[in-house]
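Peer 1: The sequence and its predicted three-dimensional model are supplied below.
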Amino acid sequence: MINPEKIWSSASLPTLPSVAIQLLDLSRDPETEIRQVVDVIKTDPAITAKILKSTNSAFFGFKSEVKSIDRAVPLLGTTVVTSLALSFSLVEAAMTNGPMADHYQSYWMQSVVQGATAEVVAELGSKGLDCEFFLTGLLLDLGRLAMLKTIPNDYLPVLERAAAEPIDLLRLEREMLGVDHVTVGMKLMENWNLPKSLIHAVELHHADLTTIEALKAEPDYQLIKAVALTSAIGEYFCGATSSKGNALERLQAIATQLYEMSESQLDDLLYNTRLRVDEAGAAFNANTESLHDPSDLMAMANEQLAHLAMREHAANTEATARQQEMEAQKAELETKNKELTKQALHDPLTGAYNRNFFNEAISKEVDRCRREAATVGVLFSDIDKFKNLNDTYGHAFGDEVLKGVTAIFETAIRSSDTFARYGGEEFVFLLVQPTEKGLAKVAERIRLSVEAEQFFFEGKRVPVTISIGGTIAMPGRKQDDIQQQLLTQADEAMYEAKQSGRNQVRIRSLFSESEQRLIKLVSQRRFSRWLVTKGVLDIRAISKALLKCNTQNIPIGELAEQYGYLDRSQVETILSEQNSSSERFGELAIRIGLLTEETVAQVLAMQLEDPEALARQVVSSGLLDGAKTVSLLQEFRQEIAQLAHATATMQ
């Protein structure tokens, strides 16, 4: 057993440089000015240079280069700058050679993974606290660093046994040393005078779910449960290979019980985390190439769980009945793993999503649009005379063209949209809730971007253009072939563009006349469109505000009842009629005379966005002040009322 005093009295115990200490003091003072933070950083040229380097990395993603610390600090904020200074102190402490080097690197890799993970997890419900979450994730295993530095000879056997056996590291530390890295890390953070909320979250990051759920009333609960999920993902990516199965079980339990995640949502979280980890690794000197992709980890963990289950089964006296069950489970796991291997997400040449991924994405989007009476758009693009490019300049040049247009596509669409390499030189795009004009504008923007790009072969520019065909539709409730219609019509429109001379855009609408009329009415009644039309806000600003609004997607019947357009019995009547009809709720309500086209448009506009919620977000985002926003909201409602009256009179 180890006397903890051996750790605290060691001259090798990690310490903070004076710059980090001063920044921590300043971060706790609400009166601190940016100038003070800048002046402290400038006293250490090495930290200044590292902060500037990180500022310009993909981790932060600023579009233009930040050339001075005076500019970097206001952009990042004092909390982020303080986190960076602490990070650089930790990475220096973790850089070592010798027999313990691999364990130091393992500690630092897991710290970076947990820091990046905490940022992604923060987006699940703690907007604006990303930087604080990053620092907490980074410090989760600080105790491991302290024990590596102060008691290396005693700690090495613990780490070697943890790597070889599926036993929790915390349990081994307590069993073999009498002290664990969580306790050591908390003590060190207390010595550094870090925030109590951060230390409390670190204390609980290995706690069982019952303990964590009992803390729901605490003000730091969001941080506590986020740190628990962060720690589980860190163990899943970086923990011992022998414990992957256990790590997966804990991760799935936390995601399900604390965040109510589905299996697909957890898969998305792990994929997004892996991307963020690569960016963080580049910023904090951690080589993330050795980390497995989420799909590989899932296969490893499932295989390990299967083996563990088999061993437990073999030891059970009721072997016969349970053997069949376990064999069935093993076969199912093997099938799933084969499917995972088969369904790769990305095209190996361009890095774009592949056809399988796109087909799954459009299927999900069409289903959503059926439920919510929303629009969906598809674009097909084809590189003009691509065979001629290959024949003239060679396949290597053709590959460069494919990669080049892929890079253009990535910047030309919204983050909510998807594009994939469909085959050969064909690419396909899925646009979420577009308008007909919006679909055409996106297609034209993509076409012009490719036309303007400069491709060179042996110093000579080679013109490259694309032809684009597009389709937009509002999927009906029982319109089972709409997905194929979208793809077929977009493909035909693309060939029409080619036959008309290439380097063109052709768009086809699958809207009926009533759908076109209704879409126009709905658009006119959206507060966001009204603000843009009035010149109050531009499209980019209002789009960002809309993304931050929490849209509940309340069924149209409930909304119509909520706003007094229908009573409960009328809603039930329409729903009953729908059982034998392919019509949407609104179409049916209009046909049987319970709602007008105007009222349906008004309710659909409310379903898409709540004007009051958008107004609150506009104010909280600092786009407009409160008084101005209230006045605009009142003016909008008056105009909508007048428009509704005029439409009703015409009808």
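Peer 2: Cool, the structure landed. Since we're looking at a predicted model, the values are computed, not measured.
Peer 1: Setting aside sequence neighbours, what's the nearest residue to Asp625?
Peer 2: Val619 (7.0 Å; CB to CB, 6 or more residues apart in numbering). Where C-beta positions appear, they are placed from N, C-alpha and C, glycine not excepted.
Peer 1: Now do the host helix or strand of that neighbour: everything it contacts.
Peer 2: For Val619, the element it lies in under DSSP states H and E is helix 611-620. The contact list for helix 611-620 (CB atoms under 8 Å, 6 or more residues apart in numbering) reads 527-528, 531, 537, 542, 545-546, 548-550, 624-626, 629-630, 632-633, 636-637.
Peer 1: before we move on, the earlier item: could you measure from the residue nearest to Asp625 over to Glu612?
Peer 2: 11 Å (CB to CB, to the nearest Å).
Peer 1: Tell me the pLDDT of Gln323.
Peer 2: On pLDDT, Gln323 comes in at 69.
Peer 1: Begin at 780 from now on, thanks
Peer 2: In the new count, where the first residue is 780, that last one comes out as Gln1102.
Peer 1: ok, which stretches of the stretch 1230-1379 of the chain are strands?
Peer 2: In the stretch 1230-1379 of the chain, the strands defined using DSSP state E, counting those that start in this stretch lie at 1234-1236, 1239-1241, 1245-1252, 1284-1288.
Peer 1: So which elements touch the third one?
Peer 2: This means strand 1245-1252. In terms of contacts (3 or more CB pairs under 8 Å, 6 or more residues apart in numbering; DSSP states H and E), strand 1245-1252 is packed against strand 1155-1162, helix 1215-1231, helix 1261-1278, strand 1284-1288.
Peer 1: Partner strands of it and their direction?
Peer 2: Strand 1245-1252 sits in its sheet next to strand 1155-1162 (antiparallel), strand 1284-1288 (parallel), going by DSSP bridges.
Peer 1: One more: the first one?
Peer 2: Strands flanking strand 1234-1236 in the sheet, each with its direction: strand 1239-1241 (antiparallel) (DSSP bridges).
Peer 1: quick one: secondary structure of the spatially most central residue of the chain?
Peer 2: Centroid check for the chain by CA atoms, centre = their mean gives Asn1051 as the closest residue, at 5.1 Å. Three-state call for Asn1051 (DSSP: H, G, I helix; E, B strand; the rest coil): helix.
Peer 1: separation between the nearest residue to it once chain neighbours are set aside and Asp1170?
Peer 2: Once flanking residues are discounted, Asn1051 sits nearest to Val899: 5.5 Å by CB to CB, 6+ apart. Distance, Val899 to Asp1170, using CB to CB: 45 Å.
Peer 1: of those two, who's got more company?
Peer 2: Counting neighbours by other CB atoms under 10 Å for Val899 and for Asp1170 shows that Val899 has the greater number, 24 against 11.
Peer 1: what about that one, which helix or strand?
Peer 2: Val899 is located in helix 880-901, with elements delineated by DSSP H and E.
Peer 1: Next up, phi/psi of Asp1404, please.
Peer 2: Geometry field for Asp1404 lists phi and psi as phi -80, psi 170, criterion degrees, to the nearest 10.
Peer 1: burial count for it?
Peer 2: Asp1404: 10 neighbours (other CB under 10 Å).
Peer 1: List the buried residues in stretch 1382-1399.
Peer 2: Across stretch 1382-1399, burial judged by 16 or more other CB atoms under 10 Å covers 1382-1390, 1392-1398.
Peer 1: Go through those residues and say which is closest to Glu954.
Peer 2: Gln1396 (51.7 Å; CB to CB).
Peer 1: And Thr1214, how far from Lys1299?
Peer 2: To Lys1299, Thr1214 is 9 Å away according to CB to CB.
Peer 1: Neighbour count: these two, which is higher?
Peer 2: For Thr1214 versus Lys1299, neighbours defined as other CB under 10 Å are more numerous around Thr1214 (16 against 13).
Peer 1: Backbone dihedrals for the more buried one, please?
Peer 2: The phi and psi torsions at Thr1214 (degrees, to the nearest 10) take the values phi -100, psi 170.
Peer 1: in the stretch 1180-1329 of the chain, what spans have low per-residue confidence?
Peer 2: Counting by pLDDT under 70, the stretch 1180-1329 of the chain shows no low-confidence range.
Peer 1: Can you tell me the closest non-neighbouring residue to Ile1162?
Peer 2: Glu1204 is the one closest to Ile1162 (CB to CB, 6+ apart), at 4.1 Å.
Peer 1: Need the phi and psi values for the one you found.
Peer 2: Note on Glu1204: backbone dihedrals following degrees, to the nearest 10 are phi -100, psi 10.
Peer 1: for Val1284, what are its contacts?
Peer 2: Going by CB under 8 Å, 6+ apart, Val1284 touches Ala1219, Ala1222, Glu1223, Arg1226, Ser1246, Ile1247, Gly1248, Gly1249, Ala1276.
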